[in-house]
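Q: okay, here's the prediction I keep looking at, along with the sequence it came from:
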Amino acid sequence: MMLTLLILFVGVLGVLAVVQLIRVFELARKIRGHRDDQVTNRENRFQSRMMMVFLFGYFAFFAWCFWVTKDKLLPESASEHGVGLDWLLNFNFLIITIAFVLTHIALFYFAYRYSGHRGHKAVYMSHDNRLELVWTIIPAAFMAVIIIYGLNAWNDITADAPEDAHQIELYSFQFAWRARYPGQDGILGDANYNLVSSTNDMGVMTPKFLDEKIVELEGDIALETAKLKPEGYPEIDPSSTMGKQYTKEINRLERHKKRIQKLQQLEYQDAGDDIMIADTFHIPVNKPVHFVFRSRDVIHSAYMPHFRAQMNTVPGTPTEFHFKPIVTTEEMREKTGDEEFNYYLYCNKICGSSHYNMKMIIIVEDEASYAEWLAEQTTYNGEPAGELATGFHHLKSTPENEEDKQEATEDEVAQMN
Ligand SMILES: [Cu+2]
């Protein structure tokens, strides 16, 4: 404590000493007949040289910054479009660096070369069309190249997924991810938020989950109803504050139950043969993978930096992204010399207290190993995925397929009548 005070005291004295010194210096100049509103040639020369010293110091500082942060750049790209994106980024860096170096050399060199000295009058120039043209057309040309290149890359990345893409759903919620693969039918089953439960993270629709949810809700309704008639106590008046609270909850649960009953009557795509993965998911190398993203609660962001992929996951609005991985996990382990290397899916939106922990490992492997892994998984119906490995080629549910489904349903309805 004493030491802190002493250091503070010495600091204050130091500042006072500097202030006094500056005053002495100024007084001495005044005595020598120096006027404050006039700058001497000597001062101008000193300032102009300092401009050059600053220029080199400035460049040295940037070079150093780049050197110490160079391993903080994105890791090597492991997707097909990522290679093109990196080219685009590096091309931007190149143009920016050249413009930065040239303009700063010009700025500081001119300040040095044309520093003021007594008796010299500056040129008065109000306008120059040629100069205006030069510094408009050159940057515009470079901007056009960057924009055209960028738009092309963007169109490629956001184009429709190829027909033979493997479809995978990524589902986000506070605070974890789930991956879902379509089963033998090659189509992801339907899902509904109202079905989310402790046994059904993603709220997928299967007859079993619908029934279970009804049983669960009926249990909850019974519990709430029992609260109105506590054992050994008089019945609670439904119009009392507490009674109103219980009734409100019972009504809410009843409405939820009605929604589930409505769902049961709908024509839906059974998700029973789908496969849900909770921690490490696999994708095949050199095959396009089409991701569909959903979110349960808030906006999360699916971020796969090695594949140069990021997409917001929005409650109520499925989003999508597709890419083709080109380097397997094994190959990347060899390349980086890191035995433990893994690709990751992260959440890149600050979505709550455990946001930092929202990630999944992604294993990229050859198609045969991928099929083998998939075949070992268990479906929602509790069956081994087995045979499904052969059925993963046409996973995309196209608009035509949707129409077929619609027609089939109408036919079925006609038959029933
Ligand atoms: Cu998140």
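A: The structure has been received and is ready for your questions.

Q: and the strands in this protein, which stretches?
A: Per DSSP state E, the chain carries strands over the ranges 166-173, 176-181, 275-277, 280-284, 289-295, 300-304, 309-313, 319-323, 343-347, 359-365.

Q: who in this protein is up against the ion?
A: 300, 347, 351, 358 (Cβ under 5 Å from the ion). Any C-beta I mention is one placed from the backbone N, CA and C, and that applies to glycine too.

Q: of those residues, keep whichever come out buried.
A: By neighbour count, with 16 or more other Cβ atoms under 10 Å, these hold 300, 347, 351, 358 as buried.

Q: the first one and residue 312, how far apart?
A: Spelled out, it's residue 300. For residue 300, the distance to residue 312 equals 7 Å [Cβ to Cβ, to the nearest Å].

Q: what is in contact with the two at once?
A: Counting by Cβ atoms under 8 Å, 6 or more residues apart in numbering, the common neighbours of residue 300 and residue 312 are residue 349.

Q: enumerate every residue touching the residue of the stretch 151-300 of the chain found nearest the ion.
A: Nearest to the ion in the stretch 151-300 of the chain, going by Cβ to the ion, is residue 300, at a distance of 3.5 Å. Shown in contact with residue 300 (Cβ under 8 Å, 6+ apart): 172-173, 312-313, 347, 349, 351, 358.

Q: how does it look with 6 Å?
A: Residues in contact with residue 300 (Cβ atoms under 6 Å, 6 or more residues apart in numbering) are 172, 313, 347, 349, 351.

Q: give the contact list for the third one.
A: Residue 347 sits next to 300, 355, 358 when contact means Cβ under 6 Å, 6+ apart.

Q: go again using 7 Å as the cut-off
A: With contact set as Cβ atoms under 7 Å, 6 or more residues apart in numbering, residue 347 has these partners: 172, 300-301, 303, 355, 358.

Q: ok, the nearest residue to it once chain neighbours are set aside to residue 37 distance?
A: Distances taken as Cβ to Cβ, 6 or more residues apart in numbering put residue 358 closest to residue 347, at 3.7 Å, once the chain neighbours are dropped. Distance, residue 358 to residue 37, by Cβ to Cβ: 64 Å.

Q: likewise residue 14?
A: Counting by Cβ to Cβ - residue 14 and residue 37 are separated by 31 Å.

Q: who's more crowded, those two?
A: The neighbour comparison of residue 14 against residue 37 (other Cβ atoms under 10 Å) goes to residue 14, with 10 against 4.

Q: domain-wise, how is this protein divided?
A: In terms of domains, the chain is parsed into 40-79+96-115, 161-201+272-395, 206-267 (source: automatic domain parsing).

Q: now render those domains as a markdown table, adding distance to residue 27 and mean pLDDT.
A: Listed next are the domains of the chain as a markdown table, based on distance: least, Cβ to Cβ, whole Å; pLDDT from 0 to 100:
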| stretch | distance to residue 27 | mean pLDDT |
| --- | --- | --- |
| domain 40-79+96-115 | 18 | 91 |
| domain 161-201+272-395 | 57 | 87 |
| domain 206-267 | 81 | 87 |
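
Q: could you look over those and pick the most buried one?
A: Mean neighbour count (mean count of other Cβ atoms under 10 Å) peaks for domain 161-201+272-395 among these, with a mean of 18.

Q: starting at the chain centroid, how far to it?
A: 15 Å (Cα atoms, centre = their mean, to the nearest Å).

Q: also stretch 256-263?
A: The chain centre lies 35 Å from the centre of stretch 256-263; the measure is Cα atoms, centre = their mean.

Q: for stretch 271-280, same thing?
A: Stretch 271-280 has its C-alpha centroid displaced from the chain centroid by 23 Å (Cα atoms, centre = their mean).

Q: contacts for that stretch next, please.
A: 178-185, 188-191, 202, 204-206, 360-361, 363, 377, 379-381, 385.

Q: so how far is residue 13 from residue 3?
A: Counting by Cβ to Cβ - residue 3 and residue 13 are separated by 16 Å.

Q: which one of those two has more residues nearby?
A: Each of residue 3 and residue 13 has its neighbours counted (other Cβ under 10 Å); residue 13 has more, 10 against 7.

Q: distance of that one relative to the ion?
A: 53 Å (Cβ to the ion, to the nearest Å).

Q: quick one, helices of this protein?
A: Secondary structure of the chain (DSSP state H): helices at 2-31, 41-69, 80-113, 129-158, 207-228, 241-265, 329-336, 367-375, 399-416.

Q: what angle separates the third one from helix 41-69?
A: So the one you mean is helix 80-113. Interaxial angle, helix 80-113 versus helix 41-69 (axes from the mean of the first three to the mean of the last three Cα atoms, to 10 degrees): 170 degrees.

Q: now render the contacts of residue 300 as TSV, adding distance to residue 268.
A: Shown next, in TSV, are the contacts of residue 300 (distance: Cβ to Cβ, whole Å):
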residue	distance to residue 268
172	23
313	22
347	29
349	30
351	29
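
Q: name the nearest residue to the residue in the stretch 1-150 of the chain that the ion sits nearest to, sequence neighbours excluded.
A: Proximity to the ion, evaluated over the stretch 1-150 of the chain using Cβ to the ion, is greatest for residue 74 at 20.5 Å. Leaving aside its chain neighbours, residue 74 sits nearest to residue 305 (6.0 Å; criterion: Cβ to Cβ, 6+ apart).

Q: thought that neighbour was touching residue 73?
A: No - the pair residue 305 and residue 73 does not pass the contact test of Cβ atoms under 7 Å, sitting 10.7 Å apart.

Q: returning to what we had before: next up, the contacts around the residue nearest to the residue of the stretch 151-300 of the chain closest to the ion when sequence neighbours are not counted.
A: Leaving out its chain neighbours, the residue that sits closest to residue 300 by Cβ to Cβ, 6+ apart is residue 172, at 3.9 Å. Residue 172 is in contact with 295, 300, 302, 313, 347, counting by Cβ under 7 Å, 6+ apart.

Q: what about the last one, distance to residue 360?
A: Between residue 347 and residue 360 the distance, using Cβ to Cβ, works out to 10 Å.

Q: now residue 189: phi and psi?
A: In terms of degrees, to the nearest 10, the main-chain angles of residue 189 are phi -70, psi 160.

Q: appreciated, that's everything.
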